[in-house]
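J.: build me a model:
(one chain, ligands or ions: 1)
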Amino acid sequence: AENGYDLWLRYKPSGNQTYRQHITAVLTTGSSPTMKAVRDELTRGLSGLLQTAITHSTAVNRDGIVIAGTPHSSPLIHNAGIAPLLQQAGEEGFIIVTKKIGDKKCILISGNSDVGVLYGAFHFLRLLQTEQPVEQLHIVSTPRIKLRMLNHWDNLDRTVERGYAGFSIWNWHTLPGYIDQRYIDYARANASIGINGTVLTNVNANATILTKPYLEKVKALADVFRPYGIKVYLTARFSAPVETGGLKTADPLNEEVRQWWTKKVKEIYTYIPDFGGFLVKANSEGQPGPQDYQRTHADGANMLADALAPFSGIVIWRAFVYSNENPADRHKQAYDDFVPLDGRFRPNVMVQVKNGAIDFMPREPFHPLFGAMPKTPLMMEFQVTQEYLGQGTHLVFLAPLFAETLQSDSYQKGPGSTVAKVIDGSMDGHPLTGIAGVANIGSDINWCGHPFAQANWYALGRLAWDHTLSSKQIAEEWLRMSYSNDERFIGTASKLMLESRDIMVQYANPIGLHHIMGTSHHYGPAPWVNDLNRPEWNPVYYHRADSTGIGFNRTATGSNALAQYHPEARARWENMLTCDEKNLLWFHHVPWDFRMKSGRSLWDELCYQYYTGAERAGKMRDTWQTLQPYVDRQRFEQVSMLLQIQHEEAIWWRNACLLYFQTFSKRLIPAEYEKPS
Ligand code: GCU
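T.: Alright, predicted model coming up:
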């Protein structure tokens, strides 16, 4: 059945009949577990795509042999004259080239490490899956970002914070003895898109994961993932020395505390010799941290970094902080807390920053920390799980959101100082670079809940490898691999995907509105909520609608969060009259009769956006119906039902928000929208 379990690694029979002439056998060298994975994947992929039993050759005795290996494991490759290309490939990259070996025309897949070859093998299969020509290949590819990670927000009881695809795939109960096939397929899927790190546990950490019985389970997972180039990381609860170590304090400058972590880290490495390190959420949303002891984030991070350094482990310290005690605009706190610490972190500390300053909203301006901490390697944190973007029911393709942030210009080193250049280390010369995505993976048959949510996992990996890839290319690759190469399908389906995030913004958070969703579960609209005990949790804190207008004044006459941006970046937003309207209400409190670029008043524009968004959501559903001929029944119906729900909920968002905001604007909804939809 087409239940989606195979993700984008379906390897269905290819429509391209020439492939069988160009590919006749596989020759792999080396006996490492990674090279075994290469051999297995090429065999599985090619036999599915070419519909023929794949011969494993030991000599170059015919044309069309796919030779995979490193120059170290394969004399053939060593002598193939590809050394200069391999040099360009770097540590983890790969090359795929057509070469004559003797008088035989072969395809060489190589890299400087076995995992590079594995990435190359997956890329080669992707070329076939997407029906690219393979007669004359000359590909060199190397990742632009070093750490390409998933962050699972998985709890030890198998619930998943903000997870919409079932329970956690980590079955702590049956580990370490039972290795679910899912763990292996998870590793294959990640390796196929270049993901090389995974944080197994929730940022709201439970210290139990650091105890011996759990470390044995973590070791079992690390052993499964290692051949696929994936390192395991854990979240570290800052108060673990108190909770599981029996100490009276977790003060990072206390000698006993430091020793406790040193010992703990040593213990972890006896189980997992290539353990990646810790991800830490501290002093945020009630989590313990160094500030509990009047120490700084740097004090806390450095203590852990010192324990990890002898093993080359790293600390990924999150900048997602805001606290009750701080009355300032929540937008400002991360910058205020972290910029003064620039230069004070150990070299093996990265600071992980969410794409925007609030919290994974459907649209946010880039986080002002990007470019503002040149001495510290900043890691990007995107949210792949769709907490605020329709969760498991709405089709929202996130590559355009990721790309929008990455391409934003911080201006910190002059024009062209994009967030991507901050993140890939090129702007400030950092060797340690990273992108993380909060995973959308669970135990649902199809891993991600919504069939199209798989595309967001895929997009995260592809952009982490190469942030210059266009959203269109990523959408098309994923569609071809997951559904069909039929051009009629691809054209329509990719357009549907590429528009989906804009549509969601229109029916939920247009013109820079944000954080107006339902309380705690974060689903659907609830702009009226005003009774939560922390002011910055209430939607009214963000939209500030009143009789004069709507929006959050973050200019100098308001919270002045804008001052955290470089003057040239700020210039796009500073003046209400010229502000990029996509973020207008993010930065300004705007009068209801304000004239928008469309010529409409702000109120009319708000109505226009909500109505258009809901209408376009309906069109997504209708468009999908035209694709039935190209899609298997099961997935076709799943997506049909979900798009129907999405349309209904788009109307729910529209009606709830407009009727509520109307109580302030006291203006009519333009008559043209009054017809029933
Ligand atoms: C959001 C989310 C929380 C999560 C937090 C974080 O606020 O709703 O569930 O813990 O982000 O990123 O730490």
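
J.: could you use CA atoms for every contact and neighbour count after this?
T.: Noted.

J.: what's the local residue count around Thr557?
T.: For Thr557, the neighbour count with other Cα atoms under 10 Å is 8.

J.: could you pull out the helices in the stretch 401-550 of the chain for me?
T.: 419-423, 454-465, 471-482, 487-508, 539-543 (DSSP state H, counting those that start in this stretch).

J.: for Ser601, find the nearest of the ones you listed.
T.: For the helices of the stretch 401-550 of the chain, the distance to Ser601 is smallest for helix 487-508, at 16.6 Å, taking Cα to Cα.

J.: for the helices of the stretch 401-550 of the chain, which one sits closest to the ligand?
T.: helix 539-543 (13.5 Å; Cα to the nearest ligand atom).

J.: picking that back up, output the helices of the stretch 401-550 of the chain as a markdown table; include the columns mean neighbour count and distance to the ligand.
T.: Output for the helices of the stretch 401-550 of the chain, formatted as a markdown table (neighbours: other Cα atoms under 10 Å; distance: least, Cα to the nearest ligand atom, whole Å):
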| stretch | mean neighbour count | distance to the ligand |
| --- | --- | --- |
| helix 419-423 | 26 | 19 |
| helix 454-465 | 26 | 17 |
| helix 471-482 | 22 | 25 |
| helix 487-508 | 21 | 17 |
| helix 539-543 | 22 | 13 |
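
J.: would you list the ones you listed in a markdown table and tack on mean pLDDT?
T.: Converted to a markdown table, the helices of the stretch 401-550 of the chain look like this (pLDDT from 0 to 100):
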| stretch | mean pLDDT |
| --- | --- |
| helix 419-423 | 98 |
| helix 454-465 | 99 |
| helix 471-482 | 98 |
| helix 487-508 | 98 |
| helix 539-543 | 96 |
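
J.: to Asn196, which of these lies closest?
T.: helix 454-465 (9.3 Å).

J.: list of residues touching that closest one?
T.: With Cα atoms under 8 Å, 6 or more residues apart in numbering as the contact definition, helix 454-465 has outside contacts at 7, 142-145, 148, 190, 193-195, 384, 397-399, 434-435, 437, 439-440, 447-448, 469, 474-475, 478.

J.: how far out from the middle of the chain is it?
T.: 7 Å (Cα atoms, centre = their mean, to the nearest Å).

J.: and what of stretch 14-33?
T.: 31 Å.

J.: please identify which of the helices of the stretch 401-550 of the chain is closest to Gln181.
T.: Taking these one by one with Cα to Cα, helix 454-465 is closest: 18.6 Å.

J.: quick one, that closest one and helix 471-482 angle?
T.: 130 degrees (axes from the mean of the first three to the mean of the last three Cα atoms, to 10 degrees).

J.: can I have helix 454-465 written out in CSV, keeping just the CAs?
T.: The C-alpha trace of helix 454-465 is given here as CSV (Å, rounded to 0.1, in the frame of the first residue of the first chain):
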residue,chain,number,x,y,z
GLN,A,454,7.5,15.0,4.8
ALA,A,455,8.5,17.7,2.4
ASN,A,456,9.4,20.0,5.3
TRP,A,457,11.8,17.4,6.7
TYR,A,458,13.3,17.0,3.2
ALA,A,459,13.6,20.8,2.7
LEU,A,460,15.4,21.2,6.0
GLY,A,461,18.1,18.7,5.1
ARG,A,462,18.5,20.0,1.5
LEU,A,463,18.8,23.6,2.6
ALA,A,464,21.2,22.7,5.4
TRP,A,465,23.4,21.1,2.8
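
J.: still on that earlier bit, which one of the helices of the stretch 401-550 of the chain lies nearest to Asn61?
T.: So among the helices of the stretch 401-550 of the chain, helix 471-482 is nearest, using Cα to Cα, at 31.7 Å.

J.: now do the closest one: which elements does it pack against?
T.: helix 114-129, helix 399-406, helix 454-465, helix 487-508 (3 or more Cα pairs under 8 Å, 6 or more residues apart in numbering; DSSP states H and E).
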